[in-house]
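[1] can you look at this prediction? I've put the sequence above it.
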Amino acid sequence: APSPTSTASTISSTASLLLVGAAARASAAVLMHPFAVVKTRFEAGVIPRHHSVHAALLSIARLEGSSGLYRGLGITLLRDCPFSAVYFAAYSTLSSTMQELPPHPLRHLFQGLVAGVIATVATHPQDVVKTRVQLSGTGEGAFNAKAVLKTWAAIKDIYQNEGLLRFWRGLSARTLRRAGVAAITWTTYESVLQYYKTSLGV
């Protein structure tokens, strides 16, 4: 059985990974959020396809102010911070569990894939709410929301009008994308790192 000291060390290490992952993702989310708003509106057809990203940013800033560029930031942080925290903690835990196995791309692919699936499933409802908030006030989208919605109002709107299952719509597509990216990213990173260690003695 693991000693109390070993258990405490494991808990501390996991907590550190959660905090580091969340902090890193929060920084990136704040800096890149205006571009995420533009991306969401491009995908929904709110912004004409012939517009450039620069023109879209200027248009939103002019018509809606800075609040338009940062619409949905709160729910984005509630999605991205837990995603990165769970993602890094899950990958690290799997790496520790499988450390007796020899380094192999398939092992890293599996670890990245599983970590990506866990993190995506855990944060999908937030992603649905984020999209609803970012599109609110545009009069576009399946719900044609013309009023700007705050996070809690968007949650109530989805639940009352579309039911609980709406929070999980699109899960399979998002899981395939996010988990696939995670698997490829970690496999590439670990493979390159292993190459430098074995071939170059770094």
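    Done, it's in.
[2] for residue 69, see how far away residue 128 is.
    For residue 128, the distance to residue 69 (CB to CB, to the nearest Å) stands at 21 Å. The way it works is simple: take the backbone N, C-alpha and C, and place the C-beta from them, glycine included.
[3] the chain: helices as residue ranges?
    4-44, 53-64, 66-69, 73-97, 105-135, 151-162, 171-199 (DSSP state H).
[4] what inclination does the fourth one have with respect to helix 151-162?
    Spelled out, it's helix 73-97. Orientation of helix 73-97 against helix 151-162 (axes from the mean of the first three to the mean of the last three CA atoms, to 10 degrees) gives an angle of 90 degrees.
[5] ditto for the longest one
    Taking the same axes, to 10 degrees, helix 4-44 and helix 151-162 form an angle of 70 degrees between their directions.
[6] tell me the mean pLDDT over helix 4-44?
    Averaged across helix 4-44, the pLDDT comes to 79.
[7] which strands or helices does it pack on?
    Where contact means 3 or more CB pairs under 8 Å, 6 or more residues apart in numbering; DSSP states H and E, helix 4-44 is packed against helix 53-64, helix 66-69, helix 73-97, helix 105-135.
[8] kindly calculate the angle that it makes with helix 53-64.
    Between helix 4-44 and helix 53-64, the angle comes out at 90 degrees (the same axes, to 10 degrees).
[9] and if you look at the last one?
    In this structure, helix 171-199 runs at an angle of 130 degrees to helix 53-64, with the same axes, to 10 degrees as the basis.
[10] so who does the residue nearest to the spatial centre of the chain touch?
    Note on the chain: the residue nearest the mean C-alpha position is residue 80, at 4.3 Å, using CA atoms, centre = their mean. By CB atoms under 8 Å, 6 or more residues apart in numbering, residue 80 lies in contact with 25-26, 28-29, 123.
[11] most widely separated two among these?
    Taking CB to CB as the measure, the contacts of residue 80 span a maximum distance of 15.0 Å, between 28 and 123.
[12] the two: which is more packed in?
    residue 123 (22 against 12; other CB atoms under 10 Å).
[13] can you list the weak-confidence ranges in this structure?
    Confidence mapping of the chain against pLDDT under 70 gives the ranges 1-14, 138-147, 201-202.
[14] what about residue 128 and residue 69, which has more around it?
    For residue 128 versus residue 69, neighbours defined as other CB under 10 Å are more numerous around residue 128 (22 against 17).
[15] how about the helices and strands packed on helix 4-44 in CSV, adding distance to residue 178?
    Below are the helices and strands packed on helix 4-44 laid out as CSV (distance: least, CB to CB, whole Å):
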stretch, distance to residue 178
helix 53-64, 22
helix 66-69, 24
helix 73-97, 8
helix 105-135, 4
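[16] closest one to residue 40 among the ones you listed?
    Set against residue 40 and scored by CB to CB, the helices and strands packed on helix 4-44 come closest in helix 105-135, at 4.6 Å.
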